[in-house]
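1. pasting the structure only:
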């Protein structure tokens, strides 16, 4: 999911800054960035309470699946003509909202996924994936937009999120 959100967060501004999409360039991508990050800050006090009573697997799977559906809808819409920039902003809000639930839940679910002796190593690995996702997402986002436009970008995001939902659904969770 981190790679999917980074693909979107880093590829869309690349697309928005092209003169064919937005002649004013920087303003469109400047507005996109808050839409991509606002949910994480705004939902910080809500996420622990909202996800606290639910099984981690359920929160993870639902967040990834909803994000995958949002990205897939954007990909389908972008296949046609006249994709409004507002739809890209709305998708950014949806993906960032799902990620705001997914990230903390993933960290707290580590004890359900690995043996006690492996918790420290697994947590370190989980946290290090943020850097790898940022690097991979930046590269994939720029390449996807350059080669396939925003439709290809959104399809790549959808594949990443739906793949994550499938992996979560098949992962072995133990009671905490």
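-> Sure, I can see it. Just so we're clear, the structure is a prediction, and the values are computed from it rather than from any experiment.

2. need the longest helix for this structure.
-> With secondary structure taken from DSSP state H, the chain has its longest helix at helix 119-170.

3. might you list the low-confidence residue ranges for the protein?
-> Across the chain, the ranges flagged by pLDDT under 70 are 18-28, 51-52, 176.

4. if we can go back for a sec, who are the packing partners of the longest helix of the chain?
-> Helix 119-170 is packed against helix 2-16, helix 56-79, helix 85-113, with contacts defined by 3 or more Cβ pairs under 8 Å, 6 or more residues apart in numbering; DSSP states H and E. From N, CA and C alone the C-beta is placed, and that goes for glycine too.

5. please identify the most buried of the ones you listed.
-> Ranked by average neighbour count under the criterion mean count of other Cβ atoms under 10 Å, the helices and strands packed on helix 119-170 are headed by helix 2-16 at a mean of 25.

6. for residue 7, see how far away residue 29 is.
-> Computed with Cβ to Cβ, to the nearest Å, the distance linking residue 29 and residue 7 is 15 Å.

7. residues contacting the closest residue to residue 134 other than its chain neighbours?
-> Sequence neighbours aside, residue 6 is the residue nearest to residue 134 in space, at 5.3 Å (criterion: Cβ to Cβ, 6 or more residues apart in numbering). Shown here is residue 6, whose contacts under the criterion Cβ atoms under 8 Å, 6 or more residues apart in numbering are 133, 134, 136, 137, 138, 141.

8. switch to 6 Å and redo it
-> Shown here is residue 6, whose contacts under the criterion Cβ atoms under 6 Å, 6 or more residues apart in numbering are 133, 134, 137.

9. make a ChimeraX selection of the buried ones in those.
-> Here is the ChimeraX command that selects only those of these that count as buried (16 or more other Cβ atoms under 10 Å):
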select :133,134,137
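
10. any idea which element residue 172 lies in?
-> Taking DSSP states H and E as the criterion, no element holds residue 172; it sits outside all helices and strands.

11. make residue 1 into 761 and carry on from there
-> I'll keep to 761 as the first residue from here, and by that count the last item is residue 932.

12. ok, now how distant is the closest residue to it other than its chain neighbours from residue 816?
-> Closest residue to residue 932 in three dimensions, ignoring its sequence neighbours and counting by Cβ to Cβ, 6+ apart: residue 873, at 7.3 Å. Look at residue 873 and residue 816: by Cβ to Cβ, they are 9 Å apart.

13. from residue 906, how far off is the residue in the chain sticking out farthest from the centre?
-> Distance from the C-alpha centroid of the chain peaks at residue 877, with 29.9 Å (Cα atoms, centre = their mean). Going from residue 877 to residue 906 by Cβ to Cβ gives 45 Å.
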